[in-house]
Structure formats: structure tokens, C-alpha cells
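[1] okay, predicted coordinates and the sequence, questions at the end:
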2 protein chains.
Amino acid sequence: MLDLCKYIIGVDLGGTNLKAGIVGRDGNILYQFSIKTNAHAESQVISHQICELIAGIIKNVRIEKSDILGIGLGSPGLIDKKGETILFSPNLSKWRDIPIKKIISDTFGLPCILENDANAAAWGEKWVGAGKDVSSLVMLTLGTGIGGGIILDNKLWRGINNTAGEIGHMSIQTDGPLCNCGNYGCIEVYASAPGMVRRFRELLESGKASLLKKDEEITAKRINEAAVQGDGASLSIIEETGRYLGIAIVNIIHILNPGAVVLSGGLIGSGELLMRPVKRTIEERVLKASYKDTKILFSQLGTDAGIIGAAGCLLKELEISA
Amino acid sequence: MLDLCKYIIGVDLGGTNLKAGIVGRDGNILYQFSIKTNAHAESQVISHQICELIAGIIKNVRIEKSDILGIGLGSPGLIDKKGETILFSPNLSKWRDIPIKKIISDTFGLPCILENDANAAAWGEKWVGAGKDVSSLVMLTLGTGIGGGIILDNKLWRGINNTAGEIGHMSIQTDGPLCNCGNYGCIEVYASAPGMVRRFRELLESGKASLLKKDEEITAKRINEAAVQGDGASLSIIEETGRYLGIAIVNIIHILNPGAVVLSGGLIGSGELLMRPVKRTIEERVLKASYKDTKILFSQLGTDAGIIGAAGCLLKELEISA
């Protein structure tokens, strides 16, 4: 048994913010701190930033190193098969594969785990969030892109090359618009923040009236806010986003029959305005037997899912190897 | 350890044929026998048929009951969560949920396992067929419908209600034709045998010349045969089928990143004529990192996959509980 009193450090390396926190065995964040990621610097600069942040947190909180079980690092992009380095990340432009796991582990003399950020967040929700009562879930993180994490039978499913869960790049329209990934009609093209903005602009171009004007900066957040104020154009875009997501979730349910599908990320700010068309679309299209025990849920951990999940992944790893 | 000399009985309950075989520990069928399924009879009649067939095989082969490890039964339709009965099968019209697993087990005094037929076939390919070198695979059975079986980390993934793997009902075209299941644009609408025939008829209606005539009975088998003879209309339908399948397989690869995708069923009779557009479409649309170690393969066990796989599922179950 692991000592119940000890802590884990969870790190969430994002393209914008680099966050770290001290996480208890119960999944609560006791302390966290965030800095801007030096995203376009060389790998060494970023790994130094990470280590500095961790060292700063340990110092500030004044816990003994012996009270720390280890460090979990969640990162965007592609992690190598062995979980030792980040092979490629669109958000860390100059990143080259340096042994980041070993660097952190050696610097602090503590076990470290490196996990894809969407996987880490999914694991956080499974551990202490929306999915804590189910043994299998699929999480969709709706933001600039659409990320995915898959947990089956209480374990992350990473695939044979650590690339499973690219749910944003599931095509739901064979002849749909070209996606950044090279595929066509991916759910990310429709239901990501830029996808929503694109469809919103198309709607304005078609002559639809809105509180938001063509010449102002339109963001998914603005669309959500306008929808809450009753703006018709914004409401119809969110309705449509929910419909696209519902179609994608039906595919996920038919393929995996999971206990829950968890939605997270900035786009869920519209709450029930989004959830209603998601659920309606699922009910219209799904095989009843596949859906009857599957819950569609919003994230409970919000932006903390990354830190908590990275810490939880380290804990899970230690328990497995214990 | 299980005794290496013993045998397993594998049963493949189809809507047309009821097949059973004696399967060795090495996955070879030593003897098999097949009768017509009394598909529209009451459950009791069918379960009696199954038991009679098994008893007949044991008698004919003259093996001692003590040399049989158990009986695996693969069945179409929806199996209950506990694997004890068939809840519903479109091919067995009067089936009501009788405890078929217990009936077989009690009749022969042997352990029995009941498994969905697509899962059983997938397990057969994993055990001794096309997928024997990989730890994870997705199998698509292309016939009247499109069935699916998912094996991850050397285990069948059945989902929380035993309904996972309904890959035929993944929508690849949001606004596509209505599927029998109630969803729209499912891969089954395009790439099943009836889907091919429908598209072929549409092509003839549009004026395309073909060796096959509008007024003759057109089947997927006939289209395959005509394509081999160089018939342009047939070739273009198979090409299109491959393209649809490729699009669906890209989704599977992005979601699950499996070691292999195995294609089986009557439609693979066209061989490379089908495989070429499948692979070309995948290469055009897939994320390279997700695909680089995934093989696209044809079934090796053909129509024996059901018997072999059902036997293999029983063996796996005994090994787990041993």
C-alpha cells in the first residue's frame, strides 16, 4: 500500500499556460500555480520552465520531498510509445524529442509519468470527476481542437502507438470541409471553437440578424454569451454544434458502448443550450440497446482536470507497479 | 494448466446455417457439421436443434465427453450482459430469452460460453487467424449487414451492455440515406451487400453500361464476379465500396489506433480490387502517426471463423477462470 498521507505533483503543459499543483491522494488540489508557457522556445527552455515551476511549488508549499509520491506531466501532442518524450506538438513549435520524463525524474529524484493531455484530463474525470461512478468513459475536450480520451475497464486505452482517442478527427461527413489534419468532414471542423465561428460567420453572410456584428471579433465565447442573451443566430449555431456532437457521440456509443461520454472544454460554457440538442440527436439516431445505460455528462473538474488527471495517472502507474 | 489433449466444441448459430465443429487446442477444426437453422421456430425448437447437433457430433467423432473442455456458442443479435441468453436477434424471429447457455451446459454437463457472432469471429482471427501477431484488432464482417468485433490488449471489448462493436452503424455521412437502424449514412448503408446492390442499380439507372442487366437478379457476388471479368460498372462500385470502407476505417484508426483492421465476409471475394481503394483512401485521409503500425488484412479463417472463434472464446474464459 502507498502511504495515504503523501502528495502528487500534477503538471499541465499547455500551449498557452503551464500549470502545476500539489494534489492529495483524494484528488483535491491543495495548491496550484500557473505561468505562461514559453511555447515557441527550444525544448530545453521549456523543460527548464517545467522544472523551475515544480521546484517553486515544492518550495512555496514547504512540503518535504519525501512526502511527494511523484510527478505527473500532461502534454499536448504525440507522446512516444514508451511515454518518455513528446514526439511532436503543434503548440510547441520548436520542441524536439528530449527525454523529458527522465529529466524531471532525475531533477527531483522522483518517479514521473508523461501522458497526453486529453488522456490525463479523461483520467482525472474518471478518478474524481464526472466519471467516477463508471468503469469506462470517453471524454471529448471541445476547444480550439477537439481532443479525446478513452477509458475502458478502468484503464486508459492508448492504442499501439499512443495515438488512440483522436476523436476530433472522426469524419462524420465524407465530403465535408477539409480539416487541418488532411481528412474531410471531421467533427473538429464543425464543433470546435473555430468551427463554430466559421459557421456563425457563414450564417451572418447569409443575412441572418445577430447581436454580434460581422466586423467585430467573433469567438466561441462571444457566441455562447450572445446565445444566453437570446440571440437567435448564436442559439442556432449552438443548436447545430450540439447536433454535430450528438452524431459523433452516436458513433462512439455504437463502437464502444461506454458507461459515459464526458464533454469538457470552453465550449460547454453554454450548458444546457448545448446539452439539449446533443441528447436529442443521440436519442433520434442511436441503437436503444447501446445507449440505455450510457450517461452524457459535463466535466466536473473544468480546467483543473489536467493537473488532477496528470497526478492521478502517476498514482495509477505506481499502484499498478506496486 | 488445462489438459493440452482436450477439445472444444464451437457452434456458429446463423440465420441460415447452424454449424458446429470439434476444435483442437491449436485452433484447427477436426470435424464439422452443418444443418439449416430453423430460424423462424420458437426458441425451444432452436435450442433443441443446437443440442441435437452437438450430441450428433460428439457421437460421430466418438470422443469421450471427458475429452471435451466445453462448448462455445456464437450467436447473432444482442446477448445479455451476463452472457446467458440471446435477448433479440433479427434473424431468429420468434426467439424469446431462454437461458440457452444454461440449457447447453446442463444438457452436456460441460462449461458453455455464449458470445455475439461478430465478437466470436474476431476472437478466432486473433487466436489463430489474420490477427494472431497483434494484441489489438478491429474486425469488420461485410455481408447483409456489417458486423464488428473489437479486441484490445488481447481481450474482447464488449462494452457495458455487451453491445460494443456496432461499427456498421457508424455514420460517415450525416445527411446520408436512412439505415435500417434508424440512423443516417451508416457505413452499412453504403458498404454492405444490399448497399452495393443499391448503388449498382442507381448506376445502371443513370445509364452506365454493364455486363449485368437491370432485369436480372443482381447480388454482391454477381457484381464481384463481373468486376473480375472487367465490367466497368462493377469495378466502379467495388472501388466506391472500398472508398467508403477506407473512410470508416480511418475513423476506427483515429479512435482506437489498433494493431490491425481485419476485413471478412462475402464481400471480400473481390480481393485486391477492394483492398486497393481501401488502402488508398486510408493513406489519403489518415493521421500518419496513428496508422504507421496498423495493418489492414483480410480474414484468414473465412466462414470457419465463427466455429473456431466460439471455441476460442470458451478456451479464453476457462484460462481466465483457471
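    Structure received. As the structure is a prediction and not an experimental result, all values here were calculated from the model.

[2] helix, strand or coil for A:Ser93?
    coil (DSSP: H, G, I helix; E, B strand; the rest coil).

[3] identify the residues contacting A:Ile8.
    A:22-25, A:68-72, A:311-312, A:314-315 (Cβ atoms under 8 Å, 6 or more residues apart in numbering or on different chains). Just so you know, the C-beta spots here come from the backbone N, C-alpha and C atoms, and that holds for glycine as well.

[4] what separation is there between the residue lying closest to A:Gly306 once chain neighbours are set aside and A:Leu273?
    In space, and not counting its chain neighbours, A:Gly306 is closest to A:Asp12: 3.2 Å by Cβ to Cβ, 6 or more residues apart in numbering or on different chains. The gap separating A:Asp12 from A:Leu273 is 28 Å, by Cβ to Cβ, to the nearest Å.

[5] over to A:Ile223?
    10 Å.

[6] quick one, which of A:Asp12 and A:Leu273 is more surrounded?
    A count of neighbours by other Cβ atoms under 10 Å in any protein chain shown puts A:Asp12 above the other of A:Asp12 and A:Leu273, at 30 against 17.

[7] tell me what that one is bridged to.
    In this structure, A:Asp12 bridges to A:Lys19, A:Gly74 when assessed by DSSP bridges.

[8] verify the stated contact: it with A:Ala120.
    Yes. Using Cβ atoms under 8 Å, A:Asp12 is in contact with A:Ala120, at 7.5 Å.

[9] now the common contact residues for those two.
    Joint contacts of A:Asp12 and A:Ala120 (Cβ under 8 Å, 6+ apart) are A:Gly74, A:Gly306, A:Ala310.

[10] how about the strands in chain A?
    A:7-13, A:17-23, A:29-36, A:68-75, A:78-79, A:86-88, A:112-116, A:137-142, A:146-152, A:155-156, A:260-264, A:295-298 (DSSP state E).

[11] rebuild those as CSV, extending it with distance to A:Tyr190 and mean pLDDT.
    Shown next, in CSV, are the strands of chain A (distance: least, Cβ to Cβ, whole Å; pLDDT from 0 to 100):
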stretch, distance to A:Tyr190, mean pLDDT
strand A:7-13, 27, 97
strand A:17-23, 27, 96
strand A:29-36, 31, 96
strand A:68-75, 26, 97
strand A:78-79, 24, 90
strand A:86-88, 25, 88
strand A:112-116, 23, 97
strand A:137-142, 11, 97
strand A:146-152, 9, 97
strand A:155-156, 26, 97
strand A:260-264, 15, 98
strand A:295-298, 18, 98
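
[12] can I get these in CSV including distance to B:Ala193?
    Putting the strands of chain A into CSV (distance: least, Cβ to Cβ, whole Å) gives the following:
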stretch, distance to B:Ala193
strand A:7-13, 49
strand A:17-23, 53
strand A:29-36, 55
strand A:68-75, 46
strand A:78-79, 39
strand A:86-88, 41
strand A:112-116, 39
strand A:137-142, 31
strand A:146-152, 31
strand A:155-156, 37
strand A:260-264, 32
strand A:295-298, 34
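
[13] strands paired with the helix or strand of chain A with the lowest mean pLDDT, and their directions?
    Counting by mean pLDDT, DSSP states H and E, chain A has its least confident helix or strand at strand A:86-88, which shows a mean of 88. When pairing is defined by DSSP bridges, strand A:86-88 lines up against strand A:78-79 (antiparallel).
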